[in-house]
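Engineer: missing the sequence, but the structure's below:
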C-alpha cells in the first residue's frame, strides 16, 4: 500500500479570534489537498495560538483556559477531515484530565467523523511544573484505511521502549507532532526519530511549530522543521529522508509512504533489526 502524507511547519503568530485560527488551519489543509495528500500532520501545542486572543481585560488568555476551545477545535478539524476526505492529526490540544490537571492530547480526525485521542505519555519539566499537566496512562494504535498508525508526541519519541511497543502492536507509521524552542530540543527529537526508524523499520512523520507568540509565556520562541523519515536502507532515500522542510519557514512538506517497502526490508534488508531483536535478553513489549 502506498499513500501520500504531509506535515505542516505551522507558523505561530498572535491572533485576535478563533476565526483567524480556523482560517490559518484551513489554508494548510486546502494546500495539502492540492497535492493529493491523504494524511496530514500538524504540530504539538498548535492551539496555544488561541492563548494570544485578548481576554476581557485585554491580556492574553491563561494556559488553563485552553480546554474551553475543545468543542470548537474538534468541530473545525472534523469538518475539514470530512470535507477534504483526509486523515488529519490535528497536532495536540490541551484537555482537562478530571483531577485538576491537564493533558496534552494528540487527535486523529478520520474522514468519516471518528476522532481518536492519544495523551502524551512523557512530560517535560515545563509541562509538569508550569502547566500542571499529567501524563497519559497507556499507548494506543489506530486503524485507518492506510494501515495502522500511532501518535507519539515530541518527548515520547525519545524513549525507545514506547516506540517498540507501538511497532509490536502493528504500527507501521508513527506521527510525531512536536514543539521545541531551540536547536538543542529540536535535534533531540529529530535524531531520536531517525534512530526509531532504524530500530523498528518504520516510517516517522514529524513536524514542529515555527514563528513566535509574543504574548504567550513559554511560546515566545520556536525552532522547527518537518520531516518524513524512513529506515536507512537501500529501497529508501539516502539518510532516510523522504522529505524535509526549510528550518523555521512557514511551509508544507509532502512525501509518499510505501508500506510494501517496509515489509521488504524487514524480510531481507541490509539489516533486519526488527527480526533480529534479542528477546531472550530483553523484553519484546508486545
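Structural biologist: Thanks, I have the structure now. Every value quoted in this text rests on a predicted model; they were computed, and no experiment measured them.

Engineer: distance of residue 144 from residue 252?
Structural biologist: 20 Å (Cβ to Cβ, to the nearest Å). The way it works is simple: take the backbone N, C-alpha and C, and place the C-beta from them, glycine included.

Engineer: who has more neighbours, the two?
Structural biologist: residue 252 (22 against 17; other Cβ atoms under 10 Å).

Engineer: SS state for the more buried one?
Structural biologist: Here residue 252 takes the strand state, with states given by DSSP: H, G, I helix; E, B strand; the rest coil.

Engineer: tell me the contacts of it?
Structural biologist: 6-9, 28, 31-32, 35, 226, 245 (Cβ atoms under 8 Å, 6 or more residues apart in numbering).

Engineer: which parts of the host helix or strand of residue 194 are buried?
Structural biologist: Secondary structure from DSSP states H and E places residue 194 in helix 183-200. For helix 183-200, the neighbour count (16 or more other Cβ atoms under 10 Å) marks 185-186, 188-190, 192-194, 196-200 as buried.

Engineer: which among the residues you listed gets closest to residue 74?
Structural biologist: Distance to residue 74, by Cβ to Cβ, is smallest for residue 189 among the buried residues of helix 183-200, at 26.1 Å.

Engineer: give me the pLDDT for that closest one.
Structural biologist: At residue 189, the model reports a pLDDT of 98.

Engineer: excluding chain neighbours, what is closest to it?
Structural biologist: residue 178 (5.1 Å; Cβ to Cβ, 6 or more residues apart in numbering).

Engineer: number of residues surrounding that neighbour?
Structural biologist: That count, for residue 178 with other Cβ under 10 Å as the rule, works out to 30.

Engineer: of the contacts of residue 252 - the most surrounded one?
Structural biologist: Busiest of those [other Cβ under 10 Å] is residue 7, holding 34 neighbours.

Engineer: by contact count, what packs against the helix or strand hosting it?
Structural biologist: Applying DSSP H and E as the criterion places residue 7 in strand 2-9. For strand 2-9, the elements it packs on are helix 18-34, strand 39-41, strand 203-208, strand 227-229, strand 251-258, judged by 3 or more Cβ pairs under 8 Å, 6 or more residues apart in numbering; DSSP states H and E.

Engineer: same list (these) but as a markdown table, adding distance to residue 62 and mean pLDDT.
Structural biologist: Listed next are those as a markdown table, based on distance: least, Cβ to Cβ, whole Å; pLDDT from 0 to 100:
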| stretch | distance to residue 62 | mean pLDDT |
| --- | --- | --- |
| helix 18-34 | 16 | 98 |
| strand 39-41 | 28 | 99 |
| strand 203-208 | 24 | 98 |
| strand 227-229 | 33 | 98 |
| strand 251-258 | 31 | 98 |
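
Engineer: kindly reformat the ones you listed as a markdown table containing distance to residue 79.
Structural biologist: Below are the helices and strands packed on strand 2-9 laid out as a markdown table (distance: least, Cβ to Cβ, whole Å):
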| stretch | distance to residue 79 |
| --- | --- |
| helix 18-34 | 9 |
| strand 39-41 | 14 |
| strand 203-208 | 22 |
| strand 227-229 | 26 |
| strand 251-258 | 20 |
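
Engineer: which one of those lies closest to residue 221?
Structural biologist: Smallest distance to residue 221 across those (Cβ to Cβ): 11.8 Å, for strand 203-208.

Engineer: what's the angle from the closest one to strand 2-9?
Structural biologist: In terms of direction (axes from the mean of the first three to the mean of the last three Cα atoms, to 10 degrees), strand 203-208 departs from strand 2-9 by 20 degrees.
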